[in-house]
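Student: show me how the following folds:
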Amino acid sequence: MMSNVEMINLMCIFDHSSREALIADIAASLPYIDDKDMAELMEDTLNVLDAMTETEFSEIVFEPATDDEKSGKDIA
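Tutor: Model prediction:
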């Protein structure tokens, strides 16, 4: 599984107005991804999003992060 930082940064580039929108947006893009590591990150992120509650999703802070900082709530 990838780090929280990578997942947060990935989620920031998609429609994160709701959990359902984010899942749909990532899933729609996945077939077009040729990079194995990026596809794995996207699949891992989808699994985390599928398992989380709406309350947990609402606590995520959608701000791009670096490896030196932690952004939002732990998601994985």
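Student: report the next helix or strand after the longest helix along the chain in sequence order.
Tutor: Of all segments of type helix in the chain, defined using DSSP state H, the longest is helix 36-51. Where DSSP states H and E defines the elements, the next helix or strand beyond helix 36-51 is helix 54-58.
Student: and that following helix, which residues are buried?
Tutor: Of the residues in helix 54-58, Phe57 count as buried by neighbour count, 16 or more other Cβ atoms under 10 Å. Yep, even glycine has a C-beta here, placed from its N, CA and C like the rest.
Student: off-centre distance for it?
Tutor: Chain-centre distance of helix 54-58: 13 Å, with Cα atoms, centre = their mean, to the nearest Å.
Student: which other helices and strands contact the longest helix of the chain?
Tutor: Under the contact definition 3 or more Cβ pairs under 8 Å, 6 or more residues apart in numbering; DSSP states H and E, helix 36-51 sits against helix 4-12, helix 19-29.
Student: nearest to Phe62, out of those?
Tutor: Closest approach to Phe62 among these (Cβ to Cβ): helix 4-12, 5.4 Å.
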